[in-house]
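Undergrad: Give me a 3D structure for the following:
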Amino acid sequence: MSMDQVESGAFADRQVVSKQPDVIRVVSWNIARGCEFDRVTEFLLDAKADVVILQETDRNSRRTFYRNIAKEISQKLGMNYVFGIEFQELGQGSHESPAFHGQATLSPWPMSKSSVVRFRRQSKFWHPFWFMPKHPVLQRRLGGRIALRTQVSIANRNLAVYNLHLESRREDALRCAQLVELLEDANQYSSNLPVIAAGDFNFDITRPGPSSAIAEARFSNPFSGMGIQTTRPPRFGQGRAVDWILVRGILRTSSPQVHSSVTASDHYPLSLHLQLPPTAQDMATSPDNLCCPNFVVCPH
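TA: Residues are numbered from 1 along each chain as shown. Model (predicted):
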């Protein structure tokens, strides 16, 4: 695979497209490479999500027994998937059989227009150097942080989904710059197309700087004000709030939850429910559905 190529696969039951849900469930989770594959899959099977947004998924890495984690999870769940490469992991594969690491978005619903948004601002921390061995513990890598962008079509209603993983090294200013790049990229979509941006942000976006940028881009954070911790605490210390799900457009959210009892990764899964906007047919027969004061954003 080239670094900006998107891998895809289809394992969903074709009968799912005949359903007409008004509410869907979204799950976002940094699965720590998928090392605890069976436990990760067990939670996702129980979650019964309509959109699954995964970070840190391995493809052909030694540490995960050369599995294609995104593909195998999709097969287990009976879903379609797209996978975008964040890094080539130089200590986990070979020149003849390279190992990759990235993001995967899954859904039983059709997905299209998938592409990799590679952030312009990147850390050089992971770059290989001639004097540094390609030992797995050093995590030497080629590539850079990305957002995996795709559209999910649920019963004639489209959602734009960004699956992102911001930089874990350097200062919050770099992460904020990457966040702004993502928010700017979302400007390509009209206000009529709902947008989800979820993943591992690697910092607390409820702070004034990123919070203001998010609000100016007309996104809402359903987890704001909940005092959440989304990473497992170290032996001495507390967990951090670094994983989030943002929404924009005619969407009403409910039941935001951090699943802190799930220990298959160093991050906890997040989930919420989304009330989908009315279809064109619904709006034609019921004009009042065009605008609802309870929606997160109500364009006029």
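Undergrad: quick one: which helix or strand includes the residue most central in space within the chain?
TA: In the chain, the C-alpha nearest the mean C-alpha coordinate belongs to residue 163, at 2.9 Å (CA atoms, centre = their mean). In this structure, residue 163 sits in strand 157-165 according to DSSP states H and E.
Undergrad: tell me what that strand is packed against?
TA: The contact analysis (3 or more CB pairs under 8 Å, 6 or more residues apart in numbering; DSSP states H and E) places strand 157-165 against strand 51-59, strand 100-107, strand 146-154, helix 172-185, strand 195-200. (Glycine included, C-beta is placed from N, CA and C.)
Undergrad: quick one: which of the ones you listed is nearest residue 119?
TA: helix 172-185 (4.5 Å; CB to CB).
Undergrad: Run through who's touching that closest one.
TA: Helix 172-185 is touched from outside by 117, 119-121, 123, 145, 147, 149, 162, 164, 166-167, 197, 201-203, 205, 207, 209-210, 213-214, 217, 219, with contacts defined as CB atoms under 8 Å, 6 or more residues apart in numbering.
Undergrad: and with 10 Å instead?
TA: By CB atoms under 10 Å, 6 or more residues apart in numbering, the residues outside helix 172-185 that reach it are 117-123, 144-147, 149, 160, 162, 164-169, 195, 197, 199, 201-205, 207, 209-210, 213-214, 216-219, 242, 246, 248.
Undergrad: Quick one: work out the angle between it and strand 157-165.
TA: Our comparison of helix 172-185 with strand 157-165, counting by axes from the mean of the first three to the mean of the last three CA atoms, to 10 degrees, yields an angle of 160 degrees.
Undergrad: Just the buried positions in helix 172-185, please.
TA: By neighbour count on 16 or more other CB atoms under 10 Å, the buried set for helix 172-185 is 172, 174-183, 185.
Undergrad: now those residues in a markdown table, with pLDDT and distance to residue 12?
TA: Listed next are the buried residues of helix 172-185 as a markdown table, based on pLDDT from 0 to 100; distance: CB to CB, whole Å:
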| residue | pLDDT | distance to residue 12 |
| --- | --- | --- |
| 172 | 94 | 38 |
| 174 | 96 | 37 |
| 175 | 96 | 34 |
| 176 | 97 | 36 |
| 177 | 97 | 36 |
| 178 | 97 | 31 |
| 179 | 98 | 31 |
| 180 | 97 | 34 |
| 181 | 98 | 31 |
| 182 | 98 | 27 |
| 183 | 98 | 30 |
| 185 | 97 | 27 |
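Undergrad: quick one: contacts for residue 260?
TA: Neighbour list for residue 260: 228-233, 239, 268-269 [criterion: CB under 10 Å, 6+ apart].
Undergrad: mind redoing it with 8 Å?
TA: Contact criterion CB under 8 Å, 6+ apart gives 229, 268 as the residues in contact with residue 260.
Undergrad: now swap in residue 161 and tell me
TA: Contact criterion CB under 8 Å, 6+ apart gives 51, 53, 105, 149-152, 195-196, 198 as the residues in contact with residue 161.
Undergrad: export the strand holding residue 163 as CSV, just CAs?
TA: As requested, C-alpha coordinates have been extracted for strand 157-165 and formatted as CSV (Å, rounded to 0.1, in the frame of the first residue of the first chain):
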residue,chain,number,x,y,z
ARG,A,157,-29.0,10.1,5.0
ASN,A,158,-25.3,10.9,4.6
LEU,A,159,-22.8,11.6,7.4
ALA,A,160,-19.3,12.9,7.0
VAL,A,161,-17.0,11.1,9.5
TYR,A,162,-13.5,12.2,10.5
ASN,A,163,-11.4,9.6,12.3
LEU,A,164,-8.5,11.5,13.8
HIS,A,165,-5.3,10.9,15.8
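Undergrad: any idea how far it is from the chain center?
TA: Between the mean C-alpha point of strand 157-165 and the mean C-alpha point of its chain there is a distance of 8 Å (CA atoms, centre = their mean, to the nearest Å).
Undergrad: for stretch 29-40, same thing?
TA: When C-alpha coordinates are averaged (CA atoms, centre = their mean), stretch 29-40 and its chain have centres 14 Å apart.
Undergrad: what residue ranges in this protein are flagged as low confidence?
TA: 1, 15-18, 129-133, 135, 137-139, 279-300 (pLDDT under 70).
Undergrad: What ranges does the stretch 151-300 of the chain have for its strands?
TA: Listed in chain order, the strands of the stretch 151-300 of the chain (DSSP state E, counting those that start in this stretch) span residues 157-165, 195-200, 243-248, 252-258, 270-275.
Undergrad: Surely residue 41 touches residue 78?
TA: No. With the criterion set as CB atoms under 8 Å, residue 41 and residue 78 do not qualify as a contacting pair; they are 11.6 Å apart.
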